[in-house]
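Q: the following block contains a protein sequence and its predicted model.
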Amino acid sequence: MSETITVEANGLRFACDTEGDGDAVALCLHGFPESRYSWRHQLPVLAQAGWRAVAPDLRGYGGTDRPIDQDAYKIQNLVKDTAALFDALGAKRRLLVAHDWGAVIAWQFAIHQVRKLDGLIIMNVPHPSVFQKVLKTSAAQRKKSWYVFFFQLPFLPEWSLGRGKARSMVKIFRGMAVDKSAFPDAVIDHYRANASRPGALTAMIAYYRANFRGLMRQTKTPVVQVPTLMLWGEEDKALGLELTEGYDPYVKDFTLVRLPGVSHWVQQEAPGKVNAAMLEWLAKHHLVLSQAAAP
């Protein structure tokens, strides 16, 4: 059973769900507009594989501190949060598992080798250089990314997402999902409650506002040296399948697993497939630390 703890890191208090113990830490970073709850199906599996699995609410989300200043959400601060969480948890081995905005952070963390990683697992977010290349050449992807531009507007995005006790969460999660049953009312209600906290939506959207220029103007990046698994739900309505191609110049050891009939919300919608793919990849890279979990 997972427990909820508070971890002080980088000057903030992070609410974290954790399962397992030891100094081999698998840090799970959620996306927008999710929370640590989105990793509920993965924490037990990672713990059984011998990792101390920890899923924090990112800064501004859920039970974690919520800075008011928009610049507090710049990517360099988010990356520092990740490093500080690993440090505060006493990590000697590090596995980074990340989805959506968490994956944006994870890519930067791995590219710049902020801390030594044993493995990197990315879900439904491309390498920044791949995203920049596709965005320049694909009108279809620019159309799919319309919401990033919408989020640059003041006030209106918060109003739109927050009205009716954040009923927009129904459309965002269940509406985008292929398997609607993965998002019953209890799950949707969790995300509605999170989005309805004072200042929460402004903090969530600040990720897009504070990093807009950086996301659109990527410079040449070093090759990612850590072994990397990318899991990709093929029915992602916001990110096209072309974003899974062309990784040889950017990642030294890259494995892609595409999941047909699964939406952007991979780890929540298809936890069985995601967990099996993770375990198989971890075993291949000698990252299953418990014999009982070896596939």
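A: Okay, I see it.

Q: and residue 212, what's its pLDDT?
A: In this prediction, residue 212 carries a pLDDT score of 89.

Q: if we ignore the residues flanking it in sequence, what's nearest it?
A: Once flanking residues are discounted, residue 212 sits nearest to residue 152: 5.9 Å by Cβ to Cβ, 6 or more residues apart in numbering. Any C-beta I mention is one placed from the backbone N, CA and C, and that applies to glycine too.

Q: so the one you found touches residue 208, yeah?
A: Yes - with contacts counted by Cβ atoms under 8 Å, residue 152 reaches residue 208, the gap being 7.2 Å.

Q: what ranges do the helices span in the stretch 101-250 of the chain?
A: Defined through DSSP state H, counting those that start in this stretch, the helices belonging to the stretch 101-250 of the chain, from first to last, are 101-111, 128-137, 139-144, 146-150, 156-166, 168-169, 185-195, 200-210, 212-216.

Q: for these, could you give me CSV that also reports mean neighbour count and distance to residue 77?
A: Putting these into CSV (neighbours: other Cβ atoms under 10 Å; distance: least, Cβ to Cβ, whole Å) gives the following:
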stretch, mean neighbour count, distance to residue 77
helix 101-111, 25, 10
helix 128-137, 17, 17
helix 139-144, 13, 27
helix 146-150, 13, 19
helix 156-166, 15, 21
helix 168-169, 22, 26
helix 185-195, 17, 21
helix 200-210, 22, 9
helix 212-216, 14, 12
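
Q: mean pLDDT lowest for which of these?
A: Mean pLDDT, when computed for each of the helices of the stretch 101-250 of the chain, is lowest for helix 212-216, at a mean of 74.

Q: quick revisit: now distance to residue 231 too, for the helices of the stretch 101-250 of the chain, in a markdown table please.
A: As requested, these are arranged in a markdown table below (distance: least, Cβ to Cβ, whole Å):
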| stretch | distance to residue 231 |
| --- | --- |
| helix 101-111 | 10 |
| helix 128-137 | 16 |
| helix 139-144 | 19 |
| helix 146-150 | 22 |
| helix 156-166 | 27 |
| helix 168-169 | 23 |
| helix 185-195 | 20 |
| helix 200-210 | 21 |
| helix 212-216 | 22 |
